[in-house]
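[1] Quick one, fold the following:
(one chain, ligands or ions: 2)
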Amino acid sequence: MMRNSALFSLLLSFLLFSLSYSNPPHEANQLLKFSGSPKALKIARDNWWKIIKNNNKFPVYVSPQEGLREADKIEKLPGQPEDVKFDQYSGYVTVDPMKGRALFYYFVEAPQDSGSKPLVLWLNGGPGCSSIGAGAMQELGPFRVNSDGKTLYANKASWNNVANVIFLESPAGVGFSYSNTSSDYEITGDKSTADDTYTFLINWLERFPQYKSRDFFIAGESYAGHYIPELASLILKNNAANTNTVIQLKGIVMGNAYVDGDTNEKEIFNYLWTHALIADETYSIIQSNCNFSSSSSRNAECDEAITAARNEIGRIDMYDIYAPLCSGSSNIKSSVQPDPCAGGYVNSYMNLAEVQKALHVNAPYSWTACSDIIEDWHDAPATLLPTIHELIGSGLRVWFYSGDQDSVVPVTSTRTSIDMLKLPVESQWKPWHVDNEVGGYVIGYKGLTLATVRGAGHLVPSYQPERALAMFSSFLKGGF
Ligand SMILES: *[C@@H]1O[C@H](CO)[C@@H](O)[C@H](O)[C@H]1NC(C)=O
Ligand SMILES: *[C@@H]1O[C@H](CO)[C@@H](O)[C@H](O)[C@H]1NC(C)=O
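    Ligands and ions are numbered 1, 2, ... in the order given. Reported below is the predicted structural model:
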């Protein structure tokens with residue numbers, strides 16, 4: 001997920017990036033500044049584009065993996081329910097032996113027909129948040145943590161009902177993933193994340209060779225709106241070069257995805273106003289005074305209105321505007337909605353010595369949901385729309401989904417971003433159903449599908465497990 005504290009400072013700090021699908025941006029020295037970052041690191045985002053375009057770094061590091069799959073097998077997670085009918089694995093894949101950098105994964109196979117079900121990589125965002133802490137333990141994984149912080153209960157709508165799912169803690173410095181060379185954390189950014197994730201996949205497929213020819217999909221949320229298109233693009237390029245295992249990438253699906261910074265900033269306020277969270281006047285001032293395409297022209301009226309908006313909203317969960325807040329120890333697990341204190345239970349569970357032993361963890365620091373070690377994000381393009389456009393052109397299945405109660409990467413942002421791709425509509429907006437209820441809405445564009453998930457916040461499978469699973473199954477099938 002996006003980090004709460006950095007929300008406004010991060011989202012409001014992106015500079016203009018003029019969209020150009022045919023030509024890489026020409027203003028090569030234009031810098032993007034993350035003012036939300038402690039050291040306000042400057043990055044040359046246009047250089048990043050060139051690096052991706054001209055990345056000739058083949059082949060990647062591949063090491064022998066014999067015996068490691070067996071070693072990674074999880075006998076049993078502490079406190080797990082009875083009758084677990086699927087295999088679980090976790091461990092490290094070294095992505096750079098010289099630096100001593102390794103990524104930690106948790107892999108759950110499907111209880112039935114795992115041999116024919118697809119392989120899915122799940123990525124949470126941040127940047128710098130753990131896919132196990134959120135994705136596996138609060139969203140789409142087979143277990144959730146009880147309020148005792150020690151035992152687990154089954155998630156009936158787990159995505160491993162329909163796929164074999166890898167949860168990756170990425171990049172190094174997140175969760176149990178680490179580097180023995182601390183300077184690695186100073187160069188962490190989109191580029192190094194994509195490279196390491198690709199190296200991870202190639203080595204992981206050596207460890208689990210039965211998955212080499214399996215249909216492969218990448219799914220994720222939030223800042224994974226950067227990770228996913230970047231990784232998909234790298235996979236396609238390396239597949240074409242044919243120097244490593246050809247990864248059978250068939251599609252990508254991104255939830256409440258942060259793909260275009262400027263659009264997102266602007267659309268947050270549109271969402272806040274249309275959902276009756278801020279005053280008319282404040283919104284009106286924001287509309288006439290805030291230029292979301294440039295920090296240089298931001299004026300005092302705009303800044304004041306944004307401060308006013310923050311106060312007007314009050315203390316609510318920005319990731320699910322209608323959800324209750326965690327009110328400490330008095331929370332009782334509700335059968336209707338996810339427990340808003342779940343993050344705390346996961347944190348306790350992941351730091352238990354017996355849990356770390358069962359997971360084959362060997363990390364030099366304690367587990368946190370979002371990284372404390374990565375302080376600055378070295379590089380990120382302002383928009384992923386050109387990359388997404390290319391991926392659509394390559395024939396990949398591309399889906400967006402959106403929990404419509406999220407105000408951080410709201411549905412208004414996703415719709416406006418998709419609009420900027422200028423794709424013709426092929427099937428009109430219509431409801432889709434689960435159990436005779438509207439689960440959300442779907443619209444089909446040429447090469448892209450958008451599905452909303454009704455009544456879900458940013459962590460879609462957490463708030464609406466059945467609807468999320470129905471949406472994901474439809475994605476795997478290619479339609480509702
Ligand atoms: C990191 O260093 C530790 C301690 O020397 C070592 O056991 C571990 O294998 C190293 N990790 C990697 C990925 O090389
Ligand atoms: C926003 O600022 C940029 C750069 O200063 C300028 O080119 C653009 O026209 C402005 N947009 C609006 C809507 O005022």
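
[2] give the contact list for the residue of the stretch 301-450 of the chain found nearest ligand 2.
    Nearest residue of the stretch 301-450 of the chain to ligand 2: C302, at 11.2 Å (C-beta to the nearest ligand atom). Placement of C-beta: from N, CA and C, glycine included. Applying C-beta atoms under 8 Å, 6 or more residues apart in numbering, we find C302 in contact with I285, I286, N289, C290, N291.

[3] Same question for P64.
    Listed by C-beta under 8 Å, 6+ apart, the contact set of P64 reads E206.

[4] run the last query once more with 10 Å
    The neighbours of P64, taking C-beta atoms under 10 Å, 6 or more residues apart in numbering as the test, are N203, E206, R207.

[5] ok, so of these, who is nearest V145?
    Set against V145, the nearest of these by C-beta to C-beta is R207 (27.2 Å).

[6] so Q428 sits in a strand?
    Yes. Q428: assigned to a strand according to DSSP: H, G, I helix; E, B strand; the rest coil.

[7] So what's the residue count around it?
    When neighbours are defined as other C-beta atoms under 10 Å, Q428 has 8 of them.

[8] quick revisit: what is the distance between the strand or helix carrying the residue of the stretch 301-450 of the chain closest to ligand 2 and the centre of its chain?
    Using DSSP states H and E, C302 sits in helix 300-313. Its chain's average C-alpha position is 29 Å from that of helix 300-313, according to C-alpha atoms, centre = their mean, to the nearest Å.

[9] quick one: the helices in the stretch 301-450 of the chain?
    Applying DSSP state H, counting those that start in this stretch to the stretch 301-450 of the chain gives helices spanning 342-350, 353-358, 385-393, 411-420.

[10] Relative to the whole chain's centre, how far out is the second one?
    When you say that, I think you mean helix 353-358. With C-alpha atoms, centre = their mean, you get 26 Å for helix 353-358.

[11] That helix packs against which elements?
    With contacts taken as 3 or more C-beta pairs under 10 Å, 6 or more residues apart in numbering; DSSP states H and E, helix 353-358 sits against helix 342-350.

[12] Pull out the buried residues from stretch 205-212.
    Buried residues in stretch 205-212, counting neighbours by 16 or more other C-beta atoms under 10 Å, are found at L205, E206, R207, F208, Y211.

[13] tell me which parts of the chain are close to ligand 1?
    Contact residues, the chain versus ligand 1 (C-beta under 6 Å from any ligand atom): T94, P97, G100, A102, N180.

[14] I'd like those written out as CSV, with neighbour count and pLDDT added.
    Below are those laid out as CSV (neighbours: other C-beta atoms under 10 Å; pLDDT from 0 to 100):
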residue, neighbour count, pLDDT
T94, 16, 96
P97, 10, 93
G100, 13, 96
A102, 22, 97
N180, 13, 96
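
[15] ok, the residues you listed vs T199, which is closest?
    Each of the residues of the chain next to ligand 1 was checked against T199 using C-beta to C-beta; the closest is T94, at 8.8 Å.

[16] Quick check, E186 in contact with A172.
    No. At 11.8 Å, E186 does not count as touching A172 under the criterion of C-beta atoms under 10 Å.

[17] Of all residues in the stretch 51-200 of the chain, which one is closest to ligand 2?
    Residue nearest to ligand 2 within the stretch 51-200 of the chain (C-beta to the nearest ligand atom): D190, separated by 24.4 Å.

[18] returning to that earlier point: which one of the contacts of P64 is nearest to ligand 2?
    For the contacts of P64, the nearest to ligand 2 is N203 (45.0 Å; C-beta to the nearest ligand atom).

[19] if we can go back for a sec, more neighbours: which of E186 and A172?
    Shown here are E186 and A172; by other C-beta under 10 Å, A172 has more neighbours (28 against 14).

[20] Contact partners for that one?
    So A172 contacts 95-96, 99-104, 178-181, 184-185, 188, 192-193, 196, 371, 373-374 (C-beta under 10 Å, 6+ apart).

[21] In ChimeraX, how would I select the buried members of those residues?
    Entered in ChimeraX, the line below selects the buried ones among these, by 16+ other C-beta under 10 Å:
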select :95,96,101,102,103,104,178,179,184,185,188,192,193,196,371,373,374
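
[22] taking the contacts of A172 one by one, which sit in strands?
    Secondary structure defined by DSSP state E assigns V95, D96, R101, A102, L103, F104, Y178, S179 of the contacts of A172 to strands.

[23] pretty sure the first one contacts Y105?
    No. Counting by C-beta under 10 Å, V95 sits too far from Y105 to count as a contact (11.3 Å).

[24] Give me the common contacts of those two.
    S170, S177, F200, L201.

[25] Show me the two of those residues that sit farthest apart.
    Largest pairwise distance in the shared contacts of V95 and Y105, by C-beta to C-beta, is 14.2 Å, between S177 and L201.

[26] State the pLDDT value of D339.
    pLDDT, D339: 87.

[27] Below-threshold pLDDT in the stretch 51-200 of the chain: ranges please.
    Residues of the stretch 51-200 of the chain that meet the criterion pLDDT under 70 lie in 51-59.

[28] Which parts of it are strands?
    88-96, 101-108, 119-123, 143-145, 152-154, 164-169, 178-179 (DSSP state E, counting those that start in this stretch).

[29] would you turn those into CSV with distance to S427?
    Below are the strands of the stretch 51-200 of the chain laid out as CSV (distance: least, C-beta to C-beta, whole Å):
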stretch, distance to S427
strand 88-96, 38
strand 101-108, 33
strand 119-123, 25
strand 143-145, 35
strand 152-154, 35
strand 164-169, 28
strand 178-179, 46
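
[30] Which one, of those strands, ends up nearest to P340?
    strand 143-145 (13.1 Å).

[31] Over to the residue of the stretch 201-350 of the chain found nearest ligand 1. Which of the three states is it?
    For the stretch 201-350 of the chain, the residue closest to ligand 1 is N203, as judged by C-beta to the nearest ligand atom, at 11.6 Å. With three-state DSSP as the basis, N203 sits in helix.

[32] Wait, it touches R69, no?
    No. N203 lies out of contact with R69 (C-beta under 10 Å); the separation is 11.5 Å.

[33] More neighbours: these two, which one.
    The neighbour count for N203 versus R69, taken as other C-beta under 10 Å, is higher for N203 (23 against 17).

[34] ok so, going back, can you put the helices of the stretch 301-450 of the chain in TSV and add mean neighbour count and mean pLDDT?
    Shown next, in TSV, are those (neighbours: other C-beta under 10 Å; pLDDT from 0 to 100):
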stretch	mean neighbour count	mean pLDDT
helix 342-350	20	94
helix 353-358	14	97
helix 385-393	19	97
helix 411-420	21	98
